[in-house]
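**Student:** sequence and computational prediction follow.
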Amino acid sequence: MSCNADDVENRPVITEGIAPVLLTPQSNFNIVLENANATSLATTFVWNEAHYEGTETVINYTIEVAKAGTDFKNPTIASVTTATFKSFTVEELNAVALNAGLTSFVEGKLDVRIRSTVGAVNALPQTSNFYTITVTPYPAWPNWGIIGSATAAATGGDGWTADADLNYNSASKKYSITMDLAAGEIKFRLDDDWATNYGDNGSDGTLDAGGTNIPIVTAGNYTIVVDFTAKTYTVTKNY
């Protein structure tokens, strides 16, 4: 087999044609994600196919997500596919939102779009329109909270009806919170439920499963640090 210069010169060239068009989700999309529904469907991204001029080839689609208003400067790649749709479970969309920089339990906005390319080298990128969706993610780590009569001023009621969520430090692997406490008692529990909770039977800074309520003798502002792996905690009054 051989070819001449004319064969090479006449070889079809692929050029940009029509960019993909994102159809859903649109800017009226608003979802509060919950770990209890992790395997449920959150949403499906759907778009019209892109078109290229020249030899027919495989078109790759990348779903790009970025914090709203950042002009996709550092987008998170949510998925790459050759289809024109992609469904996300609650767990998958939650991971995308956290990777894009949203804060757990805080409503945030994400710009979403589709980028099409061709070939193994992802050549000739074409970018779709974008929409801004609203997402409230949950932590990708266990959701521990503090509850008890000492937290009443912060959580409302008698303090035993709602948790104040602890903040997780991925570097130290510890949870913490700084808050005002009244004289009273506290406990720690997982996922706003009593199925897994910790107190301290000996008031020795060691957590005990289902243990005795931890006393707060004096009202004030406190910093609480908890290590649920080592089963230890500290309660420090701030002056």
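**Tutor:** Here it is on my side, so go on.
**Student:** contacts and neighbour counts: CA atoms only from here.
**Tutor:** Will do.
**Student:** quick one, longest strand in the protein?
**Tutor:** Ordering each strand of the chain by length in residues (DSSP state E) puts strand 123-136 first.
**Student:** who are the packing partners of that one?
**Tutor:** strand 15-18, strand 21-24, strand 30-32, strand 108-118 (3 or more CA pairs under 8 Å, 6 or more residues apart in numbering; DSSP states H and E).
**Student:** quick check: buried residues in the third one?
**Tutor:** Translated: strand 30-32. Asn30 (16 or more other CA atoms under 10 Å).
**Student:** what's the answer for stretch 54-65, then?
**Tutor:** For stretch 54-65, burial by neighbour count (16+ other CA under 10 Å) applies to 59-65.
**Student:** how about stretch 38-55?
**Tutor:** Per 16+ other CA under 10 Å, stretch 38-55 contains these buried residues: 42-43, 45-52.
**Student:** in CSV: those residues, plus distance to Thr76 and secondary structure.
**Tutor:** Putting the buried residues of stretch 38-55 into CSV (distance: CA to CA, whole Å; DSSP: H, G, I helix; E, B strand; the rest coil) gives the following:
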residue, distance to Thr76, secondary structure
Ala42, 18, strand
Thr43, 17, strand
Phe45, 15, strand
Val46, 18, strand
Trp47, 18, strand
Asn48, 21, strand
Glu49, 21, coil
Ala50, 21, coil
His51, 24, strand
Tyr52, 25, strand
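**Student:** now those residues in JSON lines, with pLDDT?
**Tutor:** Converted to JSON lines, those look like this (pLDDT from 0 to 100):
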{"residue": "Ala42", "pLDDT": "98"}
{"residue": "Thr43", "pLDDT": "98"}
{"residue": "Phe45", "pLDDT": "98"}
{"residue": "Val46", "pLDDT": "98"}
{"residue": "Trp47", "pLDDT": "98"}
{"residue": "Asn48", "pLDDT": "97"}
{"residue": "Glu49", "pLDDT": "95"}
{"residue": "Ala50", "pLDDT": "95"}
{"residue": "His51", "pLDDT": "92"}
{"residue": "Tyr52", "pLDDT": "92"}
